[in-house]
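Visitor: Got a predicted structure here, sequence first:
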Amino acid sequence: MPRLLSCDDSESYEIADCVDDLGDRGLDLQDEEGIAKGTRALRRLANNRTFLGDMLVSQLRDRHRQIGETTAYGPQAIVLSKMRGGCFLRANIWPSGRDACFQASGSKAFVYGVPHDHNFSFLTAGYLGPGYASDYYEYDYAETAGFIGEKPGLKFVERSALEEGKMMLYRAHRDIHSQLLPESMSVSLNVMHIHPAQGWFDQYGFELETGEITAVLNPTSTECFLRCAIGLGGDEALDLAEHFGRTHPSDRLRLASYEARALLLDDAEQVDALWGEAEGSGSAMLSGEAKARRYALEPAE
């Protein structure tokens, strides 16, 4: 499960103080010094019991005219600071089953009951309320190919809640959680650390009953561009797609190349031959995906 963190610091920060403490160089959440620094900054922000409510009241009073670049709103996430040194601050609102926003939008809008890992590490603190609960699992990312249907050996750890004052480090490519509704409206605070290369590392959705990977949750814009280029382009686009399919360092982009080219083929034998090429590509992920595609082409008995 995520690593439990302890910090007894009683000082209180405003958002700007927290950002300044994190510094222009940000944090390395693989490093104990970076974890300790981030934990202290997050604890001091969480000690300020009024900053978030004051900010929300101010934005509501001004009808969000002053949002600018520093605060962005989503269905549940509030970005509290600009990116600085690869870090930014975020607050998350977790409605209970009794709250109108949950009843109107349903569980998936708030990622409840959607088991997933993360392709980045981050610090979190329970700021208000009993907090969402999670069923926590772990797995070995390095030993996982990443194709849909793969069973990477999920290990159940425990069920626990992010109650007020609790602090944790979610570890990239290790901690899996399936979030459950809190007993009442809750809020958590995050120190997010983003690395430019992380988009090339997959984030997965899982089926807990079977232990299977069910989805890749972070498709890249490059995949989208490649699919569009193949669908709209001519010979040059196909040549690039074939090159990417054979040699690109990202298995996920190689898969996108094969998927897009397969859609251009009307003949089942040609489609099968294309996926046969992918199956023999030397990539475990691509081979697993290709086998599933070829199996789907077989006529039902």
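Guide: Received it, and whenever you're ready, just let me know what you need.

Visitor: Quote the end-to-end distance of stretch 105-112.
Guide: 12 Å (C-alpha to C-alpha, to the nearest Å).

Visitor: Please spell out which residues along that stretch are buried.
Guide: F110, V111, Y112 (16 or more other C-beta atoms under 10 Å). C-betas here are computed from N, CA, C, even on glycine.

Visitor: Dump these into CSV; add pLDDT, distance to G153 and secondary structure as well.
Guide: Below are the buried residues of stretch 105-112 laid out as CSV (pLDDT from 0 to 100; distance: C-beta to C-beta, whole Å; DSSP: H, G, I helix; E, B strand; the rest coil):
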residue, pLDDT, distance to G153, secondary structure
F110, 91, 28, helix
V111, 92, 23, coil
Y112, 95, 25, strand
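
Visitor: Identify the bridge partners of S188.
Guide: N92, G126 (DSSP bridges).

Visitor: Not including adjacent chain positions, what is the nearest residue to F244?
Guide: S257 (4.6 Å; C-beta to C-beta, 6 or more residues apart in numbering).

Visitor: which residues touch the residue minimising distance to the centre of the chain?
Guide: Residue closest to the average C-alpha location in the chain (C-alpha atoms, centre = their mean): H118, at 4.3 Å. The contact partners of H118, taken as C-beta atoms under 8 Å, 6 or more residues apart in numbering, are Y170, A172, H173, D175, Q203.

Visitor: For E289, state which of these is nearest.
Guide: Q203 (16.8 Å; C-beta to C-beta).

Visitor: The residue nearest to F244 is in contact with A241, isn't it?
Guide: Yes - between S257 and A241 a contact is recorded at 4.6 Å, counting by C-beta atoms under 8 Å.

Visitor: what is in contact with these two at once?
Guide: The contact lists of S257 and A241 share L226, I230, where a contact means C-beta under 8 Å, 6+ apart.

Visitor: where's the residue nearest to the centre of the chain relative to A125, distance?
Guide: According to C-beta to C-beta, to the nearest Å, H118 and A125 sit 16 Å apart.

Visitor: Please produce CSV containing the buried residues of stretch 105-112, extended by distance to V157.
Guide: Shown next, in CSV, are those (distance: C-beta to C-beta, whole Å):
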residue, distance to V157
F110, 22
V111, 19
Y112, 19
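
Visitor: ok, the residues you listed vs L253, which is closest?
Guide: For those, the nearest to L253 is V111 (25.9 Å; C-beta to C-beta).

Visitor: what's the closest non-adjacent residue to that closest one?
Guide: Q179 (6.0 Å).
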